[in-house]
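Visitor: Okay, predicted coordinates and the sequence, questions at the end:
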Amino acid sequence: MSKAKYGSLDLSGSEGQRGVPPSYYVALGSDNSWYLFTEKWVNAVYKSGLPDVLLIPGDPPASVIIRKKLEEVNTAWQKLAKSQLGDLWCTEGSIDTWSWSLNVPLLSSLSEEDEIQMSEAYIESQKIYREHKKAVSIFKKRLKRTRCYQEFQRLSDMNKVQKEKIDRLKVKSNRIKGRIGQIEPTGWREFIQAGKVLHEAAALDVNTQHLFPLGQTASRIRGANELWLAMAIRNKCLLGLKPAQLAAVCGSLVSEGIKVRPGNSNSYIYEASSTVNDVIQILEEERASLLKLQVKHNVEISCDLDLQFAGMVEAWASGLTWREIMMDCGLDDGDLARLLRRTIDILAQIPQLPGIDQMVQINAKLAAGIMDRSPISELV
């Protein structure tokens, strides 16, 4: 990154060897945070994660889209470290970049086979590159003072005017395409709309039908909204949960249609733990983002997330007996059994899903085993 300023961050005071400003790189981490660092901080490079490909014809590559998201960052950068390697900065991502961060693998999931080995020739070329970069900078300053460059600038301004005309024609073309789309068959239109949601959620390349890591998880899971379930289960906030807490969160994802008996509105609640409440609050923000995306493309698929029954699931997963839980429960026994059965089903799927942290898979298996006891285990 050659600019002296990036957003609210001023890097003009940073200089490397021979007075040459160091090259800065920006990366999106798996925790949905942006990191700004010099090349000296790079210890290894891995060939894994989201491929830098065209998602659909006419769209820029994935790296260009992510860079555009970075330029929209309004929060202040925080300096994490200052050393001989250069400054290390960090700032929070946004809801729009959250789905991209899900495709960033954890360091523990990468192997030596994924690492790209840097040769001595490459290291030497980097040194030469920095020297040439300084020479090019001096040459650019001289070039801008020439008559040819000034004529080039004039032609560039003319080209900009032409581009604006082309953009207006594209808007008109899109409006006509929209009218054509209104007369397309309903089923095909819904298919296209769902594909657009998967595309913008960074789950599917609609051009090549290539599944990204988020899409691979969604393709293997069973549920009312596979994309939403994959987003929730891949969320990093699940990493520190205990088995019973993980079961409570999964129960909140599958509680659609579960209702309280009339007149028992105050007696059915087993309060979920504060940790579960915090996780549900985080997932609620991501759910709102996905719902907004679905509304944008006229996709009507429910994204279930209901905290009110999470406490009962957590209690059952913690070892509470059926008799104890029914003594203070405003649900019919059939509804409660169906809720627990659904939760066990989603927990049992997690160990088989690709791209899920190993600890989450282990806790899901433990929780499913604890919950699948009489009388729930007797249900078919």
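Guide: Arrived safely, thanks for sending.

Visitor: in the protein, which segments are predicted with low confidence?
Guide: The model of the chain has pLDDT under 70 over residues 1-21, 48-57, 73-75, 112-119, 122-123, 181-187, 257, 261-269, 330, 380.

Visitor: please redo it, this time with the cut-off set to 50
Guide: Flagging of the chain using pLDDT under 50 yields the residue ranges 1-5, 17-19, 266-267.

Visitor: Helices of that one, start to end?
Guide: With DSSP state H as the criterion, the chain has helices at 62-71, 95-101, 120-143, 147-181, 186-200, 213-220, 226-234, 243-253, 274-296, 310-317, 322-327, 333-349, 358-371.

Visitor: what's around the residue nearest to residue 255 when sequence neighbours are not counted, how many residues?
Guide: Take residue 255 and drop its neighbours on the chain: the residue closest to it by Cβ to Cβ, 6 or more residues apart in numbering is residue 306, 4.4 Å away. Heads up, the C-betas are built off the backbone N, CA and C, glycines and all. Neighbours of residue 306 under the rule other Cβ atoms under 10 Å: 14.

Visitor: is it true that residue 306 touches residue 259?
Guide: No. At 10.9 Å, residue 306 does not count as touching residue 259 under the criterion of Cβ atoms under 8 Å.

Visitor: Let's have the helices of the chain in TSV, adding distance to residue 28 and mean neighbour count.
Guide: Shown next, in TSV, are the helices of the chain (distance: least, Cβ to Cβ, whole Å; neighbours: other Cβ atoms under 10 Å):
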stretch	distance to residue 28	mean neighbour count
helix 62-71	6	15
helix 95-101	6	19
helix 120-143	23	11
helix 147-181	28	10
helix 186-200	16	15
helix 213-220	14	20
helix 226-234	15	24
helix 243-253	25	27
helix 274-296	16	16
helix 310-317	31	26
helix 322-327	43	12
helix 333-349	28	20
helix 358-371	21	19
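
Visitor: Could you pull up the contacting residues of the residue nearest to residue 201 when sequence neighbours are not counted?
Guide: Closest residue in space to residue 201, ignoring its immediate chain neighbours: residue 99 at 4.8 Å, by Cβ to Cβ, 6+ apart. Contacts for residue 99 (Cβ atoms under 8 Å, 6 or more residues apart in numbering) come out as 201, 202, 203, 214, 231, 289.

Visitor: Was I right to think the fifth one contacts residue 291?
Guide: Just to be clear, that refers to residue 231. No. With contact defined as Cβ under 8 Å, residue 231 does not count as touching residue 291 (11.5 Å).

Visitor: Against residue 88, how distant is the nearest residue to residue 89 once chain neighbours are set aside?
Guide: Closest residue to residue 89 apart from its sequence neighbours, by Cβ to Cβ, 6+ apart: residue 36 at 4.0 Å. Distance of residue 36 to residue 88, given as Cβ to Cβ, to the nearest Å: 7 Å.

Visitor: More neighbours: these two, which one.
Guide: Neighbours per residue (other Cβ under 10 Å) separate residue 36 from residue 88, with residue 36 holding more: 24 against 16.

Visitor: unless I'm mixing things up, the more buried one is touching residue 24, no?
Guide: Yes. Between residue 36 and residue 24 there is a contact under Cβ under 8 Å: 5.8 Å.

Visitor: ok, residue 204 to residue 99 distance?
Guide: Counting by Cβ to Cβ, the separation of residue 204 from residue 99 is 12 Å.

Visitor: cool, residue 327 as well?
Guide: Separation of residue 327 from residue 99 (Cβ to Cβ): 43 Å.

Visitor: Please report how far the residue most central in space within the chain lies from residue 326.
Guide: Nearest residue to the geometric centre of the chain (Cα atoms, centre = their mean): residue 99, 1.9 Å. For residue 99, the distance to residue 326 equals 40 Å [Cβ to Cβ].
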